Structure formats: C-alpha cells, structure tokens
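Peer 1: Give me coordinates for this.
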Amino acid sequence: MSSHHFVREGQEPALVLANGLPCSTELLNQLVAWSPTIMVLDGAYYKAMERNINFDILLGDFDSIKTTSIELPFPAEIIHTPDQEKTDLQKGLELLIARKTEAANLLWATGARADHFMSNLNVMAKFRNDITLKMIDDNSVIYPVKSPFVKYFHAGENLSLIPLNAVKNIQTKNLQYELHGGLLEPGGRFGSSNRVKESGLVEVTFDDGILLLMECKD
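Peer 2: Model prediction:
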C-alpha cells in the first residue's frame, strides 16, 4: 500500500484524503495506485500513516496532529494553512487549482461527523467550475453536474439527484421517475432514489442551480 505514481501527473485525478470514515482496502488500493498526487488533510494523517500510504502533500491547520514536529519516512510537502475561515478541504482544493490540477477524487470525505460531510459537499459545489471533483466511498460516487449532463448507465442503476439550492426547470430522460420541468430544492421536491430505465444514455438538463448526482452502488 505504500507506492503509487503508476501514471504521470495530469493523466489521472489527484487523490485527497479527508477525515471521514475509512473505505475498504480494495477501494483505497485502487485509488492510491492510480493517483499521481496524494494529498492528506491533517485530520486524516494518522489513518494514512497507519495504512502506510506514501503521500505527497500533508496540508491543514494541524490541530488534529498531536506533535509540533512532523517527521515522515518519505519525502512530502508539509504545508501549514492556519486560516480558520476556511476548511482544510477548501484550502487543499485551492492549492490543487493553483497548481493547474484538472481533477481530484475525494476519499474518506463521507460518514463520521455529519457537519463535516455537509461542509465537504458545500466545498465540492463551490469549486465545481474550477476542478473536476468526485466524492467516493464504498457505497456511492457523488459529483456536481452541469447542464446538459449526458452519461451512459446500465439498466437498474440507482441514481439520486441532489439539489443544493433551487434547481430550476429540471428535465430527465431514461429514468424510471422522469422529471418534466419544475423545481428541485432542499426542503421541497427532491430527486433521491431514482433508477435507470434502460441501458444507455441518461440525460439531465436544468436552467439554473447547483445539482449533485449520486451514483449509488446498492
């Protein structure tokens, strides 16, 4: 589990390890092996070290690390970002964007504290136009979508459309419960637990708003 860099920078998404619940070893191994850059937020430091992950960047305010002197058995950037007005995930994504990183997978970003998970969703939405992001765990893949969204899915796959604000005039094709205009919004009409009707392209269009799509594995 210690090595990665099987691909060159820019060929695959970076990997950001946050402070939610750990995932399966199988999923972790897969993402570590194919990530050209691995960033560990300080809340995930101990979990990463326990799993012998040779990461490239350790970033955060370091309030979760119980030592003032961090010594790593491998070369890595240690970046102290004490700004309390931003979360460590936000600061980490800002660094990746500044370094022209085009895409990143967020792992260990779900589960555990619900407020952290909700904050992570909000940060992912904030940077949706600056970097391609996917939040991954053993049960789902979550990512922002732009209109028009078109992607191939197999029949029966479970999808949820999650509005983070008012998503206006949303329309879908090839879902079991089609949407023909109208509004999705928090506290109102929601798009959870839908299903792909037939193997083929699923289409989603909307006029305005911030929409997340969740591919559910169960």
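Peer 1: list the contacts for the residue nearest in space to the middle of the chain?
Peer 2: Nearest to the geometric centre of the chain sits residue 135, at 2.2 Å (CA atoms, centre = their mean). With contacts taken as CB atoms under 8 Å, 6 or more residues apart in numbering, residue 135 has the following neighbours: 105-106, 109-110, 120-121, 124, 141-143. Where C-beta positions appear, they are placed from N, C-alpha and C, glycine not excepted.
Peer 1: what about it, which SS state?
Peer 2: The three-state label given to residue 135 by DSSP: H, G, I helix; E, B strand; the rest coil is strand.
Peer 1: Quick check, pLDDT for residue 111.
Peer 2: In the prediction, the pLDDT value recorded for residue 111 is 88.
Peer 1: My guess is it contacts residue 23. True?
Peer 2: No. The pair formed by residue 111 and residue 23 falls short of the contact definition of CB atoms under 8 Å, at 9.1 Å.
Peer 1: okay, and the common contacts of those two?
Peer 2: The contact sets of residue 111 and residue 23 overlap at residue 137 (CB under 8 Å, 6+ apart).
Peer 1: Neighbour count for the two, which is higher?
Peer 2: Of the pair residue 111 and residue 23, residue 23 is the one with more neighbours under other CB atoms under 10 Å, namely 20 against 15.
Peer 1: For that one, give its distance to residue 218.
Peer 2: 15 Å (CB to CB, to the nearest Å).
Peer 1: got the buried residues for the helix or strand harbouring residue 28?
Peer 2: Mapping residue 28 onto the secondary structure by DSSP states H and E places it in helix 25-33. By neighbour count, with 16 or more other CB atoms under 10 Å as the criterion, the buried positions of helix 25-33 are 28, 31-32.
Peer 1: cool, stretch 156-174 as well?
Peer 2: 158-164, 167, 169-172, 174.
Peer 1: can you check stretch 92-109 too?
Peer 2: For stretch 92-109, the neighbour count (16+ other CB under 10 Å) marks 92-96, 101, 104-109 as buried.
Peer 1: in this protein, which ranges drop under the pLDDT threshold?
Peer 2: Low-confidence segments of the chain, defined by pLDDT under 70, are located at 1-11, 67-68.
Peer 1: Packing partners of the helix ranked longest in it?
Peer 2: Taking residue count as the measure and DSSP state H as the definition, the longest helix of the chain comes out as helix 114-126. In terms of contacts (3 or more CB pairs under 8 Å, 6 or more residues apart in numbering; DSSP states H and E), helix 114-126 is packed against helix 88-98, strand 132-136, strand 140-145, strand 211-216.
Peer 1: The second one pairs with which strands?
Peer 2: What that stands for is strand 132-136. Neighbouring strands of strand 132-136 in its sheet, by DSSP bridges, are strand 103-107 (parallel), strand 140-145 (antiparallel).
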